[in-house]
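Student: Whatever this is, show me its structure:
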Amino acid sequence: MQNLFRLALLSILLVACKNQTKQTEETTTAQPEEKKAEWVHLFDGSSLEGWRGYNMDSLPPGWTIRDSILTFDTELGMEQDYTGGKDIIYGAEEFDNFELYLEWKIPEGANSGIFYHVKEGYDAPPVVAPEYQIIDDENYARIHDLTGYNSQFGAEHPELLQDWQRTGADYAMHVADESQKQLNPVGEWNSSKIVFTPEKVEHWLNGKKLLEFVPWSEEWNAKKASGKWDNAPDYGKFRTGYIALQDHSSPIWFRNIKIKKL
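Tutor: Presented below is the predicted three-dimensional model:
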């Protein structure tokens, strides 16, 4: 009788152990799926659903999908002739705190950017929304005439690309740390990441953090009031808004655009 009792107890323990192991495996398996589900794809390579022109109901000409890549198909325009472009927004949802990731490449002499907290009803996103700058650091000043544009900001050498205009900069506000920058040559893919919270904003390029700042701080307000945005009262003031991509008269390619709410 005692042996039967021991066998019964052993069977119960084995079943309990097996169930616990199964639950642990199920929990372990579910975690990556849950983590993966946090990302929302704004562009997955197959559809432009949600995207439209700034202040528009549809996509402007030139923006299309080619080989699963979001492409702006145009001829390279000169900076000295630029009067504004056909920027696009992901208009399906506004975001406040987020981590945005995307990959991009540009040809020689190109210029573009990524905007966030975009609001419509203005002439263009730059006057209202912060921008992660994308540009051909190496060749832009050689190909384009920057003197007229940069002279209005008192640049010592207006013919050169300024530090606040270089890739990864918070355009006309915070400069990128060049010692951390690993910018791939034109024609090759780069990855960018923007992390935004009220406590800290970060710009990343190819896995390296280029800058960080505190939005709406005393330092931030001082920079805004002393530079390009002193006559743009609504620049950067909104705490939620759309994600936008810039047409600056340059071909550009984007892929794997995704966002995680924080």
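
Student: which intervals of the chain have sub-threshold pLDDT?
Tutor: Applying pLDDT under 70 to the chain flags residues 1-37.

Student: let's see it at 90
Tutor: 1-37, 83-84, 154, 227 (pLDDT under 90).

Student: Check the secondary structure at Gln80 for me.
Tutor: Of the three states, Gln80 takes helix under DSSP: H, G, I helix; E, B strand; the rest coil.

Student: Run a quick neighbour tally on it.
Tutor: Neighbour count for Gln80, taken as other C-beta atoms under 10 Å: 11. Just so you know, the C-beta spots here come from the backbone N, C-alpha and C atoms, and that holds for glycine as well.

Student: Not counting its neighbours along the chain, what's nearest it?
Tutor: With sequence-adjacent residues excluded and distances taken as C-beta to C-beta, 6 or more residues apart in numbering, Gln80 is closest to Asp145, at 4.3 Å.

Student: I figured Ser112 hits Trp253, correct?
Tutor: No - proximity of Ser112 to Trp253 does not meet the contact threshold set by C-beta atoms under 8 Å, at 9.9 Å.

Student: tell me, what's touching these two both at once?
Tutor: The contact sets of Ser112 and Trp253 overlap at 72, 104, 106 (C-beta atoms under 8 Å, 6 or more residues apart in numbering).

Student: dump the residue contacts of the last one.
Tutor: The neighbours of Ile106, taking C-beta under 8 Å, 6+ apart as the test, are 112, 134-136, 186-187, 250-253.

Student: same check, this time on Ile69
Tutor: Contacts for Ile69 (C-beta under 8 Å, 6+ apart) come out as 45, 253-255.

Student: how does it look with 7 Å?
Tutor: By C-beta atoms under 7 Å, 6 or more residues apart in numbering, the contact set of Ile69 is 253-255.

Student: Tell me what it is bridged to.
Tutor: On the basis of DSSP bridges, Ile69 is bridged to Arg66.

Student: element containing the closest residue to Gly77 other than its chain neighbours?
Tutor: Among residues not flanking Gly77 along the chain, Ser249 sits closest, at 2.8 Å (C-beta to C-beta, 6+ apart). Per DSSP states H and E: Ser249 is located in neither a helix nor a strand.

Student: Angles on the backbone of Ser249, please.
Tutor: phi 60, psi 40 (degrees, to the nearest 10).

Student: My guess is it contacts Phe72. True?
Tutor: No - counting by C-beta atoms under 7 Å, Ser249 stays clear of Phe72, with 9.7 Å between them.

Student: of those two, who's got more company?
Tutor: Neighbours per residue (other C-beta under 10 Å) separate Ser249 from Phe72, with Phe72 holding more: 25 against 22.

Student: which ones are touching that one?
Tutor: Counted by C-beta under 7 Å, 6+ apart, Phe72 has contacts 62-63, 247, 251-252.
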